[in-house]
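Undergrad: Pasting a predicted model and its sequence here:
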Amino acid sequence: MYIPFPDRYSGMHYKNCGMSGLKLPLISLGLWHNFGGVDDFYTARCMIRKAFDCGITHFDLANNYGPPPGSAELNFGKILKLDLQSYRDEIVVSTKAGYGMWDGPYGDWGSKKYLIASLHQSLKRLQLDYVDIFYHHRPDPQTPLEETMEALIQISKEGKALYVGVSNYSAEQTIQAHKILASAGVRLLIHQPKYNMFERGIEKTLLPVLEKTGIGCIVFSPLAQGLLTDKYLNSIPLNSRASKAHGFLKSTDITSEIRLKIEKLNEIAQKRHQTLSQMAIAWVLRRKEITSALIGASNPMQIEEIVKCVKYRDFSESELNDIDAILGS
Ligand code: NDP
């Protein structure tokens, strides 16, 4: 029987999500990769246990995570039942809909028909009565934003999600979504954009909007899918994401230019007595607008390593300048 580490909350920090009362851990765990039906269930279960033992209270899913699509939710539902059933109120579970999930015109994008049906399916797979956060996964150019938001409003009012969020929305789309939801008395709790040292597009556009509107921000792929670790310094290790045929990170993404940057960043991390992955997470968390860094992992040791960065998150001005110089920004 799994008994969570009693001191699990002492090493983690929890931050209010925007201007809401919901606190999220500085580090959250996403189940996009390595939790699907094709993956090893035992390892997946160990990672969830390890995360919870480290004070990670937030787990992020989507209808289509797997492969096959839906299987990450199925596996997480099983793990919750097996290990964490009596800890449900200590956990924030999110899921999303917005990418292709089932055949035909109602299984993709952002219609009310799709979003409501998808959440019902997710709740069944997760074996839950409600999720804490439900996101629209990406903007839909063919559905009026009012309709997509109407779905989020209904979901929120029916209590099938306690909070709602958007992901991959532009700054302008976020302002509009926030307005529509607010007019119905529903808070846009959170935005989930991509952000890491190599992809800083949100700094000038989205982050100021989130701060002004009081929307929280959880950033995905803060390690650039593993590039911002020391694993690709010399080669492409077997079983790494870049080595897998179905992966979103391609071995061709690891160019000599990227490798040079990783090497230089690694030198700065070493001077800080941190691993590169710890420094990369601390770096995204330096921005006050950011509530949580949403990491992925393929084994429990990676989670244990990353969480240690919570204790050492400060950067000197010269370190930040050196990092900017390496990144070319
Ligand atoms: P990361 O950038 O954190 O990459 C995770 C990968 O980095 C791991 O799978 C592992 O790669 C490697 N890694 C992690 N920790 C370490 C470590 N300590 N040492 C060495 N390597 C390490 O995030 P993801 O790209 O996985 O995204 C995280 C989450 O964000 C997803 O699970 C999902 O919840 C969410 N997401 C949301 C999207 C959206 O559109 N809203 C899109 C994409 C993700 P390896 O497998 O090679 O060991």
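TA: Received, thanks. Numbering: from 1, shown residues only.
Undergrad: Is there a neighbour count for whichever residue of the stretch 1-150 of the chain sits closest to the ligand? I'd like the number.
TA: Among the residues of the stretch 1-150 of the chain, Gly30 lies nearest to the ligand; the distance is 2.2 Å by CB to the nearest ligand atom. Backbone N, C-alpha and C define where each C-beta goes, glycine included. For Gly30, the count of nearby residues is 24 (other CB atoms under 10 Å).
Undergrad: Around the ligand, pick out the residues from the stretch 201-329 of the chain.
TA: 220-226, 229, 231, 240-241, 277, 294-298, 302, 305-306 (CB under 6 Å from any ligand atom).
Undergrad: Among those, which ones are in strands?
TA: In this view, those that belong to strands under DSSP state E are Phe220, Leu294, Ile295.
Undergrad: All the helices of the protein, residue numbers only.
TA: Under the criterion DSSP state H, helices of the chain are mapped to 41-53, 71-79, 112-126, 145-157, 171-183, 206-213, 256-271, 276-285, 300-307, 317-327.
Undergrad: Where does the prediction get shaky in the protein?
TA: Within the chain, the ranges that satisfy pLDDT under 70 run 246, 329.
Undergrad: circling back to that earlier point, just the buried residues of the residues of the stretch 201-329 of the chain next to the ligand.
TA: Neighbour-count burial (16 or more other CB atoms under 10 Å) is assigned, among those, to 220-226, 229, 231, 240-241, 277, 294-298, 302, 305-306.
Undergrad: can you pull the contacts of Tyr312?
TA: Shown in contact with Tyr312 (CB atoms under 8 Å, 6 or more residues apart in numbering): Arg272, His273, Gln274, Gln278, Ala282.
Undergrad: now, which of those residues sits nearest the ligand?
TA: Gln278 (7.7 Å).
Undergrad: check contacts around that closest one.
TA: Contact analysis of Gln278 by CB under 8 Å, 6+ apart lists Ala269, Glu305, Ile306, Lys308, Cys309, Tyr312.
Undergrad: hmm, try it at 10 Å
TA: Contact partners of Gln278, counting by CB atoms under 10 Å, 6 or more residues apart in numbering, are Thr229, Ala269, Arg272, Glu305, Ile306, Val307, Lys308, Cys309, Val310, Lys311, Tyr312, Arg313.
Undergrad: Kindly report the same for Asp253.
TA: Phe198, Ala224, Gln225, Leu227, Tyr232, Ala242, Gly247.
Undergrad: now do 7 Å
TA: Neighbouring residues of Asp253 by CB atoms under 7 Å, 6 or more residues apart in numbering: Ala242.
Undergrad: Roughly how far does it sit from Tyr169?
TA: 25 Å (CB to CB, to the nearest Å).
Undergrad: still on that earlier bit, please list all residues in contact with the residue of the stretch 1-150 of the chain closest to the ligand.
TA: Counting by CB under 7 Å, 6+ apart, Gly30 touches Asp60, Phe220, Leu294, Ile295, Gly296.
Undergrad: For the nearest residue to Thr291 once chain neighbours are set aside, list each beta-bridge partner.
TA: Spatially, and ignoring its direct neighbours in sequence, Thr291 is nearest to Gly216 (4.2 Å; CB to CB, 6 or more residues apart in numbering). Under the criterion DSSP bridges, Gly216 forms beta bridges with Ile190.
Undergrad: Settle this for me: Gly216 is touching Gly21, isn't it.
TA: No. In this structure Gly216 lies outside contact range of Gly21 using CB atoms under 7 Å: 11.0 Å.
Undergrad: Among these two, which residue is more densely surrounded?
TA: Counting neighbours by other CB under 10 Å for Gly216 and for Gly21 shows that Gly216 has the greater number, 27 against 6.
Undergrad: Next, the distance between the ends of stretch 51-70.
TA: Using CA to CA, to the nearest Å, the span of stretch 51-70 from its first residue to its last is 21 Å.
Undergrad: quick one, what contacts the closest residue to the ligand within the stretch 201-329 of the chain?
TA: Of all residues in the stretch 201-329 of the chain, Gly296 sits closest to the ligand, at 2.2 Å by CB to the nearest ligand atom. For Gly296, the contact set (CB under 7 Å, 6+ apart) comprises Gly30, Trp32, His33.
Undergrad: swap in Ser277?
TA: Counting by CB under 7 Å, 6+ apart, Ser277 makes contact with Leu223, Leu228, Thr229, Glu305, Ile306.
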